[in-house]
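Asker: Okay, here's the prediction I keep looking at, along with the sequence it came from:
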Amino acid sequence: MNKDLIFAFLQHITPQKSLSRCIGRMAECEIDFIKDTFIKHFVSKYQVDMSQAIESDPFAYRNFNDFFTRAIKPELRPIIDAENSIACPADGAISQIGDIEYGTIMQAKEHSYSLTSLLGGDAELSNQFLGGKFATVYLSPKDYHRVHMPLDGKLTKMIHVPGKLFSVNKVTAEQIPSVFARNERTICLFETEAGPMAVILVGAMIVASIETIWAGQVTPMSKDVVTWDYSQLSEVNLKKGEEMGRFKLGSTAIVLFGKDAIEWEESLSAEAPTTMGMLFGSTTK
């Protein structure tokens with residue numbers, strides 16, 4: 001058995017949620033010795049560039065989670081403002097990008113998963129994105145872990161889908177089928193100039209929580225699917241480039257658009273690096 005298969009097997013037998021919640025509690029610890037030791041090791045192991053952060057002293061943060069979700073200097077992440085442009089939602093790398101074909105989304109070579117499953121089993125919702133476009137951005141541990149709006153949008157619905165907490169790195173995506181549709185996730189639906197847009201924040205191993213700017217911490221949540229309807233509210237309107245959510249111990253963001261609504265930037269392909277705010281695509285409507 002090769003090391004990738006062993007890594008995947010170990011994830012199946014690991015107590016994913018207990019481990020993740022335990023590490024989550026540690027990440028909230030404000031005892032200087034504990035949080036500074038944790039941060040020092042992390043900065044060294046992942047070669048984190050603190051010069052990009054508004055607060056460049058890693059030990060000035062209240063706890064590890066505050067350090068991990070640190071704000072970046074705005075001038076280092078300019079938001080593309082060209083006509084019809086779509087902004088990249090996060091720092092990281094493209095996992096996969098392309099068309100939603102026959103109701104399925106590409107996960108990795110030889111692996112795809114159901115759009116309806118990703119959207120919590122809601123066939124009516126998935127119909128809005130049939131024949132559309134998807135992009136999956138993987139945020140590595142060293143990356144900036146706030147997720148921003150690709151377009152101006154009005155929030156219409158948020159759905160929390162409980163699930164597993166497999167790792168979402170490249171190895172796991174190649175070894176574990178439908179990992180993004182099996183993991184815990186928060187689906188955020190917006191109405192935009194290009195029609196419906198979904199930004200899906202996918203949890204992962206040791207991800208202690210997912211937050212949105214309008215609801216605060218969303219995970220951990222109920223064991224059942226929970227839906228919040230914002231369609232009658234007007235105050236949750238976000239501009240392109242505004243923060244919409246964040247991960248405490250990183251993961252993956254998936255963006256969906258409907259049929260004939262947008263085109264992705266031609267230079268983007270699997271494993272291409274991304275920075276928040278860069279040109280991600282263009283609207284066609």
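Answerer: Received it, and whenever you're ready, just let me know what you need. Since the structure is predicted, the reported quantities are computational estimates derived from the model, not experimental observations.
Asker: quick check: domain ranges of this structure?
Answerer: Domain ranges of the chain: 3-68, 82-261, per automatic domain parsing.
Asker: Now find how far off-centre whatever helix or strand C188 lives in is within its chain.
Answerer: Per DSSP states H and E, C188 falls inside strand 185-192. Relative to its parent chain, strand 185-192 has a centroid offset of 12 Å by Cα atoms, centre = their mean, to the nearest Å.
Asker: Helix or strand next in line after it, which one?
Answerer: For strand 185-192, the following helix or strand on the C-terminal side (DSSP H and E) is strand 195-202.
Asker: What helices and strands are in contact with the helix or strand just after that following strand?
Answerer: Next in sequence after strand 195-202, counting helices and strands by DSSP H and E, comes strand 209-212. Applying 3 or more Cβ pairs under 8 Å, 6 or more residues apart in numbering; DSSP states H and E, one finds that strand 209-212 makes contact with strand 185-192, strand 216-217, strand 243-248. (Glycine included, C-beta is placed from N, CA and C.)
Asker: Which strands border the shortest one, and is each parallel or antiparallel?
Answerer: Pointing back at strand 216-217 there. When sheet partners are counted by DSSP bridges, strand 216-217 sits next to strand 209-212 (antiparallel).
Asker: Just the C-alphas of the strand it pairs with, formatted as CSV.
Answerer: Output of strand 209-212 as CSV, limited to C-alpha atoms (Å, rounded to 0.1, in the frame of the first residue of the first chain):
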residue,chain,number,x,y,z
SER,A,209,-15.0,26.5,12.7
ILE,A,210,-16.3,28.4,9.7
GLU,A,211,-17.5,32.0,10.2
THR,A,212,-19.5,34.4,8.0
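Asker: ok so, going back, looking at the helices and strands packed on strand 209-212, which has the lowest confidence?
Answerer: Among the helices and strands packed on strand 209-212, strand 216-217 has the lowest mean pLDDT, at a mean of 84.
Asker: Next, the residues that contact that strand from outside, please.
Answerer: 209-211 (Cβ atoms under 8 Å, 6 or more residues apart in numbering).
Asker: Next SSE downstream of that strand?
Answerer: Using DSSP H and E, the helix or strand that directly follows strand 216-217 along the chain is strand 226-229.
Asker: Appreciated, that's everything.
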